[in-house]
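Chemist: model this:
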Amino acid sequence: RYYVDAWGTQWFYWFTEHAMLYRDEVAKTSMFFYPWGKDVYSHTGGNVLDAALDAPLRALFGPVVGYNVFVGALILSNIWGMRRLLAELGVSAFSAWITGILFAFNPFLLTELRDGRPTQAMLVFALLFWAYFLRAGTSRKSALISGFFLALTGLTYWYYAILAAPAAAALFVFDREPGAMKNRV
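Modeler: All right, here's what the predicted structure looks like:
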């Protein structure tokens, strides 16, 4: 079966790689809807981080193998990210790894990958945001790192950042003991 998003993703990955190699503008292109062009940020949210991360793999291995290596690395990063979040919550190492594996192969993420939407399947930055956010009240460094991972979450897929930011704000406002969240699990 063919999925329109998969074709669009491959074009977008090529486009991002092209823009990086030739220092073309990424925000607007005439390669789509010629000659008028397309405002990439307005129409796609400008989610180019996954394409930029895939570009070196495409250059090394070609578009097919490079993309497959990227998807494998994405799955492994989701496993590690969930393990990291659960470790922050005090879950045993064995349970955290098993849960990370189960998380990385859940139907939602597999469907996103099958349908050609790796951006929506890349959750490592959101997971790391939450891991550092849980201790942000105890350390400025953790708060800065948390903000950095929220920014990467938004650059990966803006919708996840829009969901994470208000949830984090609510926890921040209503959590009377900063950093104590991990002790509640």
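
Chemist: mind listing the helices for the chain?
Modeler: 4-22, 40-44, 49-61, 63-88, 93-104, 107-114, 118-121, 124-133, 140-156, 158-174 (DSSP state H).

Chemist: Mean pLDDT lowest where, among these?
Modeler: By mean pLDDT, the lowest-scoring of the helices of the chain turns out to be helix 40-44, with a mean of 72.

Chemist: Would you mind pulling up the elements that it packs against?
Modeler: The contact analysis (3 or more C-beta pairs under 8 Å, 6 or more residues apart in numbering; DSSP states H and E) places helix 40-44 against no helix or strand. Glycine gets a C-beta too; all of them are placed from N, C-alpha and C.

Chemist: Number of residues surrounding Leu152?
Modeler: Applying other C-beta atoms under 10 Å, we find 17 residues neighbouring Leu152.

Chemist: try the one 5 residues further on
Modeler: The tally of other residues near Tyr157 (other C-beta under 10 Å) stands at 24.

Chemist: Return the residues in contact with it.
Modeler: The contact partners of Tyr157, by C-beta atoms under 8 Å, 6 or more residues apart in numbering, come to 45, 47, 119-120, 122.

Chemist: Identify the nearest residue to it in space, disregarding sequence-adjacent positions?
Modeler: Spatial nearest neighbour of Tyr157, chain neighbours left out: Thr119 (4.9 Å); criterion: C-beta to C-beta, 6 or more residues apart in numbering.

Chemist: Any idea which residue is closest to the centre of the chain?
Modeler: The centre of the chain sits closest to Met122, judged by C-alpha atoms, centre = their mean, with a distance of 3.8 Å.

Chemist: what sits against Ala131?
Modeler: 81, 84-85, 87-88.

Chemist: follow-up on the earlier one: hmm, the residue nearest to Tyr157 is touching Asp50, no?
Modeler: Yes - between Thr119 and Asp50 there is a contact at 5.0 Å, judged by C-beta atoms under 8 Å.

Chemist: what do these two both touch?
Modeler: In contact with both Thr119 and Asp50: Thr156, using C-beta under 8 Å, 6+ apart.

Chemist: Go through stretch 48-57 and flag the buried ones.
Modeler: Under the neighbour-count criterion of 16 or more other C-beta atoms under 10 Å, stretch 48-57 has 48-51, 53-55, 57 buried.

Chemist: Name the nearest of the residues you listed relative to Ser30.
Modeler: Val48 (17.4 Å; C-beta to C-beta).

Chemist: how near is that closest one to Thr16?
Modeler: 5 Å (C-beta to C-beta, to the nearest Å).

Chemist: How about Asp50?
Modeler: Going from Asp50 to Thr16 by C-beta to C-beta gives 9 Å.
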